[in-house]
Each structure stands twice: as structure tokens, then as C-alpha cells.
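**Student:** What follows is a predicted structure for the sequence shown.
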Amino acid sequence: MALLESILIPLGTKMPDFILKTPSGEEYEGVTVFGKNGLLVGFLCNHCPYAKAVWPRFVRLAEYAQKIGINAVAINPNINPDYPEDSPEQMVKKIKEWDIRFPYLVDQTQDVTRAFKAQCTPDIYLFDKQRELVYHGRVDDNWQDEAKVKKEDLKKALELCAKGQRIDRNQKPSMGCSIKWLNA
């Protein structure tokens with residue numbers, strides 16, 4: 001497991017277009033999944049301990065975001081034969097287990113992951129209603145122990161984005177397992 005941080009991507013960057021499917025074959029297009037106030041995109045997987053630790057928080061934040069006009073999607077970049085726990089079949093099980101009520105999408109070719117410049121799981125992006133990046137950072141200040149969280153960075157960003165207010169540009173990167181690139 002190689003620990004990486006998300007890379008700095010300039011705020012204001014337009015969201016890359018994408019068309020991806022769920023493990024059951026339902027297709028989603030990036031431009032059509034936006035809520036009236038934006039879109040939360042999380043690059044997550046099933047096996048990474050960092051991603052596993054934040055999944056419950058991401059699910060709750062996605063539900064909260066939807067209530068304030070921001071939709072959410074999760075994208076699994078680790079469709080790699082060396083990581084069977086991240087397979088589409090296992091994703092179906094995790095969707096049920098974690099009660100994921102938003103699209104959890106398969107990036108079979110990893111082209112979307114590359115377009116977003118995602119580096120790790122989790123790698124979190126928030127785009128406003130103009131499809132511009134307004135937040136790219138961590139979920140909160142303690143990935144290991146939710147009971148010790150003092151600063152909910154992503155929740156604050158969601159609230160400000162929904163109100164159309166400026167989000168602090170001093171954002172802490174997300175950190176997690178490296179993406180398991182197919183041609184690395």
C-alpha cells in the first residue's frame with residue numbers, strides 16, 4: 001500500500017466530461033448528474049483502509065449534500081485483476097452493505113480517473129453549478145477516528161458551495177492508497 005496525497009489542481013478547473021456505468025450497467029453522464037448547486041465526486045474503492053474509513057462519512061455527506069442541492073457520485077478507479085475486492089461484483093455487495101444511495105461507478109479503463117488527475121483513494125472533488133472545481137481535499141481532519149474529528153472540511157465546503165459563497169482556498173489534500181493503475 002503506497003500512501004499518496006491528492007495533487008494540487010487549480011480551483012476553477014472545469015469538471016472533465018465522463019460517461020460511466022454502475023456495476024449493474026446503468027449509465028451516468030457527468031453533465032446530467034449535477035444537482036442545482038453542484039456535484040460531489042469521490043474516487044473511492046472497497047479495499048483501501050483510508051477509503052474504507054471515510055466511506056461512512058462520504059455516504060452521510062452525500063445524503064446531506066443532496067438535501068442542499070448538490071448531487072454525488074463515487075468512482076472506483078481500481079478495476080484491476082490484482083485487486084479482486086474492488087471488482088464490480090464486490091462493488092454490488094458494498095453498495096448494499098454501506099447503503100450507498102448515489103451512483104457508485106466503474107472506471108474500467110481508468111480514463112476518467114486520469115482526466116480528473118485523481119491520485120489516491122479517497123480523492124474528493126466538489127464542483128459548483130458552473131462545473132468549476134471549488135474544493136479538492138480531505139473529508140475531515142482525522143481519517144482514522146471519526147470520534148476525534150474537529151474540522152469537517154468537506155461539510156463546510158458543501159455548505160458554502162450550496163449558498164454560492166467562496167470556499168477557503170487553503171485546502172488540505174486528501175490522502176490514501178495509490179490508485180492501482182493497469183499499465184503502471
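**Tutor:** Cool, the structure landed.
**Student:** In which helix or strand does A74 reside?
**Tutor:** strand 70-76 (DSSP states H and E).
**Student:** ok now the next helix or strand after that strand, how far from the chain's centre?
**Tutor:** Using DSSP H and E, the helix or strand that follows strand 70-76 towards the C-terminus is helix 88-97. On the basis of C-alpha atoms, centre = their mean, to the nearest Å, helix 88-97 is displaced by 16 Å from the centre of the chain it belongs to.
**Student:** Determine the set of other helices and strands touching helix 88-97.
**Tutor:** Other helices and strands packing on helix 88-97, by 3 or more C-beta pairs under 8 Å, 6 or more residues apart in numbering; DSSP states H and E, are strand 104-106. Placement of C-beta: from N, CA and C, glycine included.
**Student:** Downstream of the strand it packs on, the next helix or strand is which one?
**Tutor:** Downstream of strand 104-106 (by DSSP H and E), the next one is helix 111-116.
**Student:** Tell me which residues are up against the helix or strand following that following helix.
**Tutor:** Next helix or strand after helix 111-116 toward the C-terminus (DSSP H and E): strand 120-121. Identification of contacts with strand 120-121 by C-beta atoms under 8 Å, 6 or more residues apart in numbering yields 3-6, 43-45, 48, 50-51, 77-78, 174-179.
**Student:** ok, strand 120-121: who's next to it in the sheet?
**Tutor:** strand 175-178 (antiparallel) (DSSP bridges).
**Student:** V73 - how many residues pack around it?
**Tutor:** V73 sits with 21 neighbouring residues when counted by other C-beta atoms under 10 Å.
**Student:** For beta bridges, what are the partners of it?
**Tutor:** Going by DSSP bridges, V73 forms beta bridges with V41.
**Student:** so P10 makes contact with L133?
**Tutor:** Yes. Taking C-beta atoms under 8 Å as the definition, P10 is a contact partner of L133 at 7.5 Å.
**Student:** Compare these two (neighbour count), which wins?
**Tutor:** L133 (18 against 7).
**Student:** Before I go, just wanted to say thanks for your time.
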